[in-house]
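Novice: A predicted structure for the sequence below; I have some questions about it.
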Amino acid sequence: MSGTRDEFTYRYYETFLSRLKEKYDFISFREGKETPATGKPCVILRHDIDMDPASALIMSSLEKNLGIYSTYFFLVRNPLYNLFSGSGTEQVRGILENGHRLGLHFDCALYDGINADNINDHVWKEVSLLEDFFYRPVEAVSFHRPGPLELSGVEINGLPSTYEKVFLEKFDYFSDSRGEWSRGIPTGSSSFAEGRNLHILAHPVWWNEVPMTPYQCLEEVLNKLGRQAEEYIAANCQVWERDRPVRER
């Protein structure tokens, strides 16, 4: 990993985006398939929401303040968050109201026997859930922890897929998976220096107000989930407050 954990603070993220904005035009995946000639190099910015929509909402506001718009990809089937709960819906709507695009983060591992022949049917079932509930079009699909099928360049009818060849061959790809830039910080790369098109994936779970290690980031997610569960139980089960030991209150 290059650099320090300061690279994963919100303050640094604003500086990072500002540097990109000086040199690049931010475009969508649909625009990226056509690789438009804008007079400047192009960057596609995306976020896969694996664990924490609340952090995604914070990042979406930082981007909006800079006049930058990206695509947020949500998992429909996820044990850690529920897009259709009160708080989940509020967070997604907040991101969309900030001007960002709606994407589907699709987990092939949840479907038995999925293959190139039936993947479109499964993807479009989840696309329909998002579009019907949030009254917004799904702009693209990204695959969660992609395997050979997802990385084979399989195309989804009517939707750009983030691992299509065009997004990996005509754009230099950078990701902060595992809480580190495996290819170095994009703005410190030769790709940036030479003005090549960029495809950047930033997972909100790794970004915070203060520097934190990847482990600490995950620990914070667990603590947040615990607080949310306790609040729900307390609001819906009187026996919780009645029988909970005084020392724990």
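Specialist: Structure received. Residues are numbered from 1 along each chain as shown.

Novice: Direction included, what does the longest strand anywhere in the chain pair up with?
Specialist: The single longest strand within the chain, with elements called by DSSP state E, is strand 42-49. Paired with strand 42-49 in the same sheet, following DSSP bridges, are strand 25-26 (parallel), strand 71-75 (parallel), strand 198-201 (parallel).

Novice: so how far is the helix or strand following that strand from its chain's centroid?
Specialist: For strand 42-49, the following helix or strand on the C-terminal side (DSSP states H and E) is helix 53-65. Using Cα atoms, centre = their mean, to the nearest Å, the mean C-alpha position of helix 53-65 is found 11 Å from that of the whole chain.

Novice: cool, stretch 26-43 as well?
Specialist: Worked out by Cα atoms, centre = their mean, stretch 26-43 lies 19 Å from the chain centre.

Novice: For the strands paired with strand 42-49, give me CSV that also has mean pLDDT and mean neighbour count.
Specialist: C-beta here means a position set from N, CA and C on the backbone, and glycine is covered the same way. Listed next are the strands paired with strand 42-49 as CSV, based on pLDDT from 0 to 100; neighbours: other Cβ atoms under 10 Å:
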stretch, mean pLDDT, mean neighbour count
strand 25-26, 95, 18
strand 71-75, 98, 25
strand 198-201, 97, 22
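
Novice: now these as CSV including distance to residue 7?
Specialist: Output for these, formatted as CSV (distance: least, Cβ to Cβ, whole Å):
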stretch, distance to residue 7
strand 25-26, 20
strand 71-75, 21
strand 198-201, 13
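
Novice: Buried residues, the longest helix along the chain. List them.
Specialist: Taking DSSP state H as the criterion, the chain has its longest helix at helix 214-236. Buried positions in helix 214-236, judged by neighbour count with 16 or more other Cβ atoms under 10 Å: 214, 217, 218, 221.

Novice: that older thread, residue 13 is nearest to which of the strands paired with strand 42-49?
Specialist: strand 198-201 (11.4 Å; Cβ to Cβ).

Novice: In PDB, list the C-alpha atoms belonging to the closest one.
Specialist: Output of strand 198-201 as PDB, limited to C-alpha atoms (Å, rounded to 0.1, in the frame of the first residue of the first chain):
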ATOM      1  CA  LEU A 198      -9.700   6.500 -15.700                       C
ATOM      2  CA  HIS A 199     -12.200   4.100 -14.200                       C
ATOM      3  CA  ILE A 200     -12.100   4.600 -10.400                       C
ATOM      4  CA  LEU A 201     -13.900   2.400  -7.800                       C
END
